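Sequence and predicted structure are below.
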Amino acid sequence: MRSRCSASRASVVLPDAPDGSSVALEFTPGLLEFLEDAAIQPGHEGTVTASSPDGTTTVEIDGRHIGVGSFAAERILVTTGR
């Protein structure tokens with residue numbers, strides 16, 4: 001899959017993005033139905049607001065807080081920036 005993000009930013013999985021960092025979303029194939037239902041789509045930007053011990057990462061996108069379980073979060077690539 002081709003990245004829609006700036007080449008100057010390195011891709012990391014969502015749980016590795018620090019709380020408070022802005023992110024540009026990229027995806028590993030296979031999770032789009034869940035992600036589209038949750039408004040997590042390529043090219044959207046959001047902010048990581050929390051990382052829970054159970055592996056859930058919470059992201060705010062368009063004013064909506066979305067909890068992403070560890071299975072899905074480990075398959076979502078993002079680029080980080082502050």
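In hand now; what should we look at?

from here on, contacts and neighbour counts on C-alpha atoms
Will do.

give me the element residue 33 is part of.
Here residue 33, judged by DSSP states H and E, is contained in helix 32-37.

Now tell me what touches the helix or strand following that helix from outside.
Once the chain leaves helix 32-37, the next helix or strand it forms, by DSSP H and E, is strand 45-51. Under the criterion Cα atoms under 8 Å, 6 or more residues apart in numbering, residues 15, 17-25, 57-62 lie in contact with strand 45-51.

Show the buried residues in the residues you listed.
Neighbour-count burial (16 or more other Cα atoms under 10 Å) applied to the contacts of strand 45-51 gives 15, 17-18, 22-25, 57-61.

Can you list which of those residues are found in strands?
Those of the buried ones among the contacts of strand 45-51 mapping onto strands are 22-25, 57-61, per DSSP state E.

pLDDT check: weakest of these?
Within these, residue 25 has the lowest pLDDT, namely 80.

Would you confirm that it contacts residue 59?
No. Residue 25 is beyond contact range of residue 59, at 10.8 Å (criterion: Cα atoms under 8 Å).

For the helix or strand of the chain with the lowest mean pLDDT, list the C-alpha coordinates in CSV.
Lowest on mean pLDDT, DSSP states H and E among the helices and strands of the chain sits helix 32-37, with a mean of 77. Only the C-alpha atoms of helix 32-37 are listed here, as CSV (Å, rounded to 0.1, in the frame of the first residue of the first chain):
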residue,chain,number,x,y,z
LEU,A,32,-11.1,-1.4,6.9
GLU,A,33,-14.8,-2.3,7.7
PHE,A,34,-14.2,-1.8,11.4
LEU,A,35,-12.1,1.2,10.9
GLU,A,36,-14.5,2.9,8.5
ASP,A,37,-17.3,2.4,11.0
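
sorry, back to before: closest to residue 42 out of the ones in strands among the buried ones among the contacts of strand 45-51?
residue 25 (5.2 Å; Cα to Cα).

Could you find the closest non-adjacent residue to the closest one?
Distances taken as Cα to Cα, 6 or more residues apart in numbering place residue 78 nearest to residue 25, at 4.7 Å, with adjacent residues excluded.
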